[in-house]
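**Student:** Mind looking at a prediction? Sequence and model below.
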Amino acid sequence: MASYKFFEEYDHHVTDDLKKNYADILERVGEDISREGILKTPERAAKAIQFLTSGHCQDPEQILKSAMFAEDYNDMVIIKDVELYSLCEHHMLPFFGKAHIAYIPNGHIVGLSKIPRVVDVFARRLQVQERLTHDILECINHTLKPKGVAVVIEAAHMCMMMRGVQKQNSLTTTSGFRGQFEKIETRNEFLKLISSDLS
Ligand SMILES: Nc1nc2c(ncn2[C@@H]2O[C@H](COP(=O)(O)OP(=O)(O)OP(=O)(O)O)[C@@H](O)[C@H]2O)c(=O)[nH]1
Ligand SMILES: [Zn+2]
């Protein structure tokens, strides 16, 4: 059994406080908070926001450390198309897309599922896409100490779609490279493999 903490239960005090605040917001925007469909909405929203920000109280290093295995494999490992959902810290609206992560082991490999778990821990915080990219990159770099690590994130931002500039088709790509991925050939191999269907 893994020793790191998953999001398991809602804090009742926090839920109660948030419920009051969400009820105020609903009234402020003109809703009748006694109507049936909306009666439980403050509580639902209180729980949803706790889940969506639950990454603040989880330890991503511990997740990686719980499944590191000594292995003499010195080639690139790529986990691509990891779906992610986060909240932008400016508007608290979702941004969502895919993360592609690669590392070159340095004596240790990591359990494959732990990489998407680390993505989720950092995504379930108020974020900007740039910091999310670096958080994932640096966490893998410090914890696994690989020969190289690379992270690319492609995401759509609801704050640019539903409101504001209202652009429906723009995608934002962010990337970070450390160690051997700073070499152009290694970086290009990674970029080629994540854009192919056979990687
Ligand atoms: N760099 C970066 N900017 C982001 C991200 N998410 C949202 N933003 C931007 O944060 C900026 C906040 O700008 P402000 O001018 O303070 O906010 P605003 O008046 O709501 O801006 P508009 O969205 O242009 O209407 C906007 O340009 C958003 O597009 C992100 O992950 N990274
Ligand atoms: Zn935003």
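**Tutor:** Looks like it came in fine. Residues are numbered from 1 along each chain as shown. Ligands and ions are numbered 1, 2, ... in the order given.

**Student:** all strands for this protein, in order.
**Tutor:** Under the criterion DSSP state E, the chain contains strands at 68-70, 77-88, 94-104, 108-110, 126-127, 148-157, 172-179.

**Student:** Counting by contacts, list what the last one packs against.
**Tutor:** It refers to strand 172-179. helix 129-144, strand 148-157 (3 or more C-beta pairs under 8 Å, 6 or more residues apart in numbering; DSSP states H and E). All C-beta spots, glycine's among them, are computed from the backbone N, C-alpha and C.

**Student:** Which residue is the nearest non-sequential neighbour of residue 26?
**Tutor:** residue 33 (5.1 Å; C-beta to C-beta, 6 or more residues apart in numbering).

**Student:** Same check on residue 166?
**Tutor:** Leaving aside its chain neighbours, residue 166 sits nearest to residue 160 (7.5 Å; criterion: C-beta to C-beta, 6+ apart).

**Student:** same thing with residue 134?
**Tutor:** Using C-beta to C-beta, 6+ apart, the closest residue to residue 134 is residue 176 (5.6 Å).

**Student:** wait, what's in contact with the residue nearest to the spatial centre of the chain?
**Tutor:** Most central in the chain under C-alpha atoms, centre = their mean is residue 123, positioned 2.4 Å from the mean C-alpha point. Residue 123 makes contact with 55, 84-86, 132, according to C-beta atoms under 8 Å, 6 or more residues apart in numbering.

**Student:** Which among those residues count as buried?
**Tutor:** Buried subset of the contacts of residue 123 (neighbour count, 16 or more other C-beta atoms under 10 Å): 55, 84, 86, 132.

**Student:** thought residue 170 was touching residue 160?
**Tutor:** Yes: between residue 170 and residue 160 there is a contact at 6.5 Å, judged by C-beta atoms under 8 Å.

**Student:** of these two, who's got more company?
**Tutor:** residue 160 (18 against 10; other C-beta atoms under 10 Å).

**Student:** Give the full set of residues in contact with that one.
**Tutor:** Taking C-beta under 8 Å, 6+ apart, one finds 166-167, 170 in contact with residue 160.

**Student:** and it, what pLDDT?
**Tutor:** We note a pLDDT of 98 for residue 160 in this prediction.
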